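Q: Build me a model from this:
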Amino acid sequence: METATTALTFRDATDADVDELVALIESAYRGDDSRAGWTTEADILQGQRTDPEGVLEVIKSPDSRLMAVEREGRIVACCQLEHQGDHAYFGMFAVSPLLQGAGLGKVIIAEAERRARATWGVREMQMTVISVRDDLIAWYERRGYRRTGRMTPFPYGDERFGVPQRDDLQFELLVKELA
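A: Predicted structure coming up:
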């Protein structure tokens with residue numbers, strides 16, 4: 001029986017993947033396509049989630065990697081891992097909306113944590129999540145992340161991050177100790 005996690009390939013993204021990755025990230029968070037999954041931000045943010053320049057910057061950065069997850073030759077998910085001293089930052093996480101809810105995200109975040117420990121020897125993973133995303137924060141809490149209450153402002157006025165549909169957006173830092 002084939003599941004969402006059948007025959008996944010994990011690899012570092014390359015320049016050639018940029019357009020496919022941008023399309024994936026946008027489909028997971030913005031617009032009507034994103035409503036097929038549960039990670040949509042379409043009700044709180046419009047406009048873009050990322051752009052080719054932002055994705056390429058992550059791919060090219062020496063302290064960062066963008067992990068592409070393929071199934072049957074196509075990218076179905078991705079996430080950013082960035083080495084930041086004694087911890088790693090986890091971001092740009094996207095799973096194809098049509099595959100969400102089938103366990104793929106759990107497998108990917110576990111592999112990201114494993115790679116961060118193995119590659120950089122870090123003992124903690126950090127991420128920021130829009131604080132009003134209660135369902136998403138709860139999902140991360142079930143994966144062992146904890147809320148810190150430490151907030152950073154949303155970049156209002158910088159449309160590279162989207163066009164906010166409400167005025168109370170901020171990012172909360174979530175952390176997880178890695179075994």
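Q: Only C-alpha atoms from now on, for both contacts and neighbour counts.
A: Noted.
Q: Point to the helix or strand of the protein where mean pLDDT is at its lowest.
A: Ranked by mean pLDDT, DSSP states H and E, the weakest helix or strand in the chain is strand 45-46, scoring a mean of 79.
Q: what lines up beside the longest strand seen in the chain in the sheet?
A: Ordering each strand of the chain by length in residues (DSSP state E) puts strand 74-84 first. According to DSSP bridges, strand 74-84 has the following sheet partners: strand 64-71 (antiparallel), strand 87-95 (antiparallel).
Q: Pull out the buried residues from that strand.
A: I75, V76, A77, C78, C79, Q80, L81, E82, H83 (16 or more other C-alpha atoms under 10 Å).
Q: wouldn't M127 be in contact with M92 here?
A: No - here M127 does not reach M92: they are 9.8 Å apart, not a contact under C-alpha atoms under 8 Å.
Q: List the contacts of the helix or strand hosting F171.
A: Element membership for F171 (DSSP states H and E) is strand 170-177. Contact with strand 170-177 is made by 123-132, 144-154, as judged by C-alpha atoms under 8 Å, 6 or more residues apart in numbering.
Q: Buried ones from those, can you make that a PyMOL selection?
A: A single PyMOL command selects the buried members of the contacts of strand 170-177 (16+ other C-alpha under 10 Å):
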select buried, resi 124+125+126+127+128+129+130+131+145+146+147+151+154
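Q: Please list the members of the contacts of strand 170-177 that lie in strands.
A: Members of the contacts of strand 170-177 lying in strands (criterion: DSSP E): 124-130, 146-153.
Q: Just the closest of those to Q165, please.
A: Q165 lies nearest to I130 out of the ones in strands among the contacts of strand 170-177, by C-alpha to C-alpha, at 13.0 Å.
Q: Assess the claim that the closest one and D168 are in contact.
A: No - in this structure, I130 is not within contact of D168 by C-alpha under 8 Å, at 9.8 Å.
Q: and the longest strand of the chain with strand 124-130, angle?
A: Going by axes from the mean of the first three to the mean of the last three C-alpha atoms, to 10 degrees, strand 74-84 is angled at 110 degrees with respect to strand 124-130.
Q: What average pLDDT does strand 74-84 get?
A: Strand 74-84 shows a mean pLDDT of 97.
Q: how about low-confidence regions in the protein?
A: 1-6, 31, 34, 36, 42 (pLDDT under 70).
Q: what residue lies at the spatial centre of this structure?
A: F93 (1.4 Å; C-alpha atoms, centre = their mean).
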